[in-house]
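**Student:** have a look at this prediction, sequence included:
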Amino acid sequence: MSSAILLVWHGSRDRRPHLAMSQLTTLVTRELSAIAPGSVTGNTLVLPFSPPINSAALELASMPLEDSIVEFAQKAKAAGLKRVKICPLFLLSGIHVSEDIPDRVAKARSQLKGEIELELIPHLGSLGEMVKLLNAAFARIPAQNRILLAHGSRREYANQKIAEIAVKLNAIPAYWHVLPDLERQISHLVTGEQKTIAIQPYFLFTGGITDAIAQEIQRLQSKFPRTDLRLGQPLGATPELARLIRDWIDLCC
């Protein structure tokens, strides 16, 4: 592979997602480079392993994303590489994917003046294999009913994609920031008899939102005492997700 890889994620004030992103970058580096465990420290650009890989945040970072892209691209160029693949680790095709990241990449291209190619690939959530990963997550919390809980977007097309994924998982969708929300969907599933409902958060990492989701589940459990609400975990920095990202990058090569 002749490209450097830049994994772009949202960013957070919470330390936990930063640690998870560092761990995931290391796992993806091992998958892409077939190097021995322990050979990579954090998310630091490592040479001469191929491909060099790093991560950068869209928001809440020490520098704007376009500057992070330029800095990384210059290191890749110095290593003799011709291209940087920019890989959005986003699950929804909302405003960040459709507008914010392309805008930052365009600004970085302007700064680089053609010194090295920047290629922006489709976001992670567009990958069909995501269904298999989510199905495995649901299998760890078996229940009679399933809810796929995503962030939600003001862009209806992004929510429609989540609804399509939910159908493939034999689940119904719910959204944290838009309707239908979790309470509405649980109410839809609950009837007079005992029910079990698996709720799988469609988020990359544990953080403030997933903490709030756990608190909301406690409240809803009290409201629906005859229903057993079973909350799963975010996708996390796992070897399974790293392999999916490897395949995603390979597919876009």
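**Tutor:** Here it is on my side, so go on.
**Student:** those strands in the stretch 151-253 of the chain, which residues are they?
**Tutor:** 172-175, 195-201, 227-231 (DSSP state E, counting those that start in this stretch).
**Student:** residues of stretch 67-86 that come out buried?
**Tutor:** By neighbour count on 16 or more other CB atoms under 10 Å, the buried set for stretch 67-86 is 67-70, 72-73, 75-77, 81, 83-86. C-beta here means a position set from N, CA and C on the backbone, and glycine is covered the same way.
**Student:** need those residues in a markdown table (columns: secondary structure).
**Tutor:** As requested, those are exported to a markdown table (DSSP: H, G, I helix; E, B strand; the rest coil):
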| residue | secondary structure |
| --- | --- |
| 67 | helix |
| 68 | helix |
| 69 | helix |
| 70 | helix |
| 72 | helix |
| 73 | helix |
| 75 | helix |
| 76 | helix |
| 77 | helix |
| 81 | coil |
| 83 | strand |
| 84 | strand |
| 85 | strand |
| 86 | strand |
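**Student:** closest to residue 115 out of the strands of the stretch 151-253 of the chain?
**Tutor:** Shortest distance between residue 115 and the strands of the stretch 151-253 of the chain, using CB to CB, is found for strand 195-201: 40.4 Å.
**Student:** list the buried residues of that closest one.
**Tutor:** 195, 197-201.
**Student:** likewise stretch 172-180?
**Tutor:** In stretch 172-180, counting by 16+ other CB under 10 Å, buried: 172-176, 178, 180.
**Student:** want to throw those into a markdown table with pLDDT and distance to residue 97?
**Tutor:** Conversion of the buried residues of stretch 172-180 to a markdown table gives the following (pLDDT from 0 to 100; distance: CB to CB, whole Å):
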| residue | pLDDT | distance to residue 97 |
| --- | --- | --- |
| 172 | 97 | 24 |
| 173 | 98 | 18 |
| 174 | 98 | 21 |
| 175 | 97 | 16 |
| 176 | 96 | 17 |
| 178 | 95 | 16 |
| 180 | 97 | 22 |
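**Student:** just send the residues you listed back as a markdown table, with distance to residue 139 too.
**Tutor:** Converted to a markdown table, the buried residues of stretch 172-180 look like this (distance: CB to CB, whole Å):
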| residue | distance to residue 139 |
| --- | --- |
| 172 | 17 |
| 173 | 19 |
| 174 | 19 |
| 175 | 23 |
| 176 | 23 |
| 178 | 28 |
| 180 | 24 |
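**Student:** which one of those residues is nearest to residue 252?
**Tutor:** residue 173 (26.4 Å).
**Student:** who are the contact partners of the spatially closest residue to that closest one that is not a sequence neighbour?
**Tutor:** Distance criterion CB to CB, 6 or more residues apart in numbering; nearest residue to residue 173, sequence neighbours excluded, is residue 166 at 4.2 Å. With contact taken as CB atoms under 8 Å, 6 or more residues apart in numbering, residue 166 is in contact with 146, 148, 172-173.
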